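Enquirer: just the structure for this:
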Amino acid sequence: MTAPTYRQVPAQVDLPALEHAVLDFWREQKIFAKSLEQSEGRPEWVFYEGPPTANGMPGAHHIEARVFKDVFPRFRTMRGYHVARKAGWDCHGLPVELAVEKELGFSGKQDIEAYGIAAFNDKCRESVTRHTDAFAELTTRMGYWVDLDDAYRTMDPEYVESVWWSLKEIFGKGLLVQDHRVAPWCPRCGTGLSDHELAQGYETVVDPSVYVRFPLTSGPLAGEAALLVWTTTPWT
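Expert: Here you go, the predicted model:
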């Protein structure tokens, strides 16, 4: 039997160059596309990326999240499934509006209405696609396999209509309940807040507190004793 031959491994390895060589090979040979073709016809394991918002540059936390998004589709593919891995972009949310307000120098809802809601919406649409190229570069650089060419966007009518369709189906099956809930409200923005949005506004502050002595004026201990009260709401 002929012994297998391997390429000689140099004593000093240029790891960054080796990494780029692998990425170049994947791109030139369309390895991701070929892996999908190879698994065509197998049972589907549906993966829609939990989408990032591209109105800011990607950071280290995006790398961590994308690692998890890459590990599970690869694992399910190795387990015999076809995983198309659809990418997405999150185009909604109060943080997007606040970022655009800051860019325009606005201080609240009144400024948006004076500027024009349609024009403000256009600015928001431009904002959420501003750094998609940087995200795509990060995705390729870290070896994350996901279909960016056919990504969904939460601001597209097709996506919005699919959400309404889903709600209609859930309602039709009696699984949607109407009830009352205490929700946070932002008086500056004139809108309700999600728990996530509310958490972004928490600050560590120092509140005043006072001790108040109330002498007893009646009863068996009148004139001899007092109540000592501590409160963090001295204005009451």
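
Enquirer: what are the phi and psi angles of the residue lying closest to A226 once chain neighbours are set aside?
Expert: The shortest distance from A226 to any residue other than its chain neighbours is 4.5 Å, reached at P215 (CB to CB, 6 or more residues apart in numbering). From N, CA and C alone the C-beta is placed, and that goes for glycine too. The phi and psi values for P215, taken as degrees, to the nearest 10, are phi -60, psi 140.

Enquirer: from what I see, P215 and L221 are in contact.
Expert: No: taking contacts as CB atoms under 8 Å, P215 lies outside contact range of L221: 9.9 Å.

Enquirer: list the buried ones in stretch 187-199?
Expert: When neighbours are counted by 16 or more other CB atoms under 10 Å, the buried residues of stretch 187-199 are found to be C189, L193, E197.

Enquirer: show the contacting residues for the residue lying closest to the first one once chain neighbours are set aside.
Expert: In space, and not counting its chain neighbours, C189 is closest to K109: 6.2 Å by CB to CB, 6+ apart. With contact taken as CB atoms under 8 Å, 6 or more residues apart in numbering, K109 is in contact with R188, C189, G190.

Enquirer: quick one: which of those is nearest I63?
Expert: When the contacts of K109 are compared for distance to I63, the smallest value, 30.9 Å, is given by C189; criterion: CB to CB.

Enquirer: narrow the buried residues of stretch 187-199 to those in strands?
Expert: For these, not one is inside strands, with DSSP state E as the criterion.

Enquirer: dump those to a markdown table, plus distance to D156.
Expert: A markdown table is the format used below for the buried residues of stretch 187-199 (distance: CB to CB, whole Å):
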| residue | distance to D156 |
| --- | --- |
| C189 | 24 |
| L193 | 25 |
| E197 | 23 |
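
Enquirer: quick one: least confident of those?
Expert: When these are compared on pLDDT, E197 comes out least confident, at 75.

Enquirer: close enough to count as contact, that residue and L94?
Expert: Yes: if you go by CB under 8 Å, E197 and L94 touch, sitting 5.1 Å apart.

Enquirer: what's the closest non-adjacent residue to F25?
Expert: With CB to CB, 6+ apart as the criterion, F25 has its nearest non-adjacent residue at 7.2 Å, and that residue is I31.

Enquirer: separation between that neighbour and E37?
Expert: For I31, the distance to E37 under the criterion CB to CB, to the nearest Å works out to 11 Å.

Enquirer: neighbour count winner among the two?
Expert: I31 (14 against 11; other CB atoms under 10 Å).

Enquirer: quick one on the thing from earlier: residues touching the residue nearest to A226, list them.
Expert: Shown here is P215, whose contacts under the criterion CB under 8 Å, 6+ apart are G223, A225, A226.
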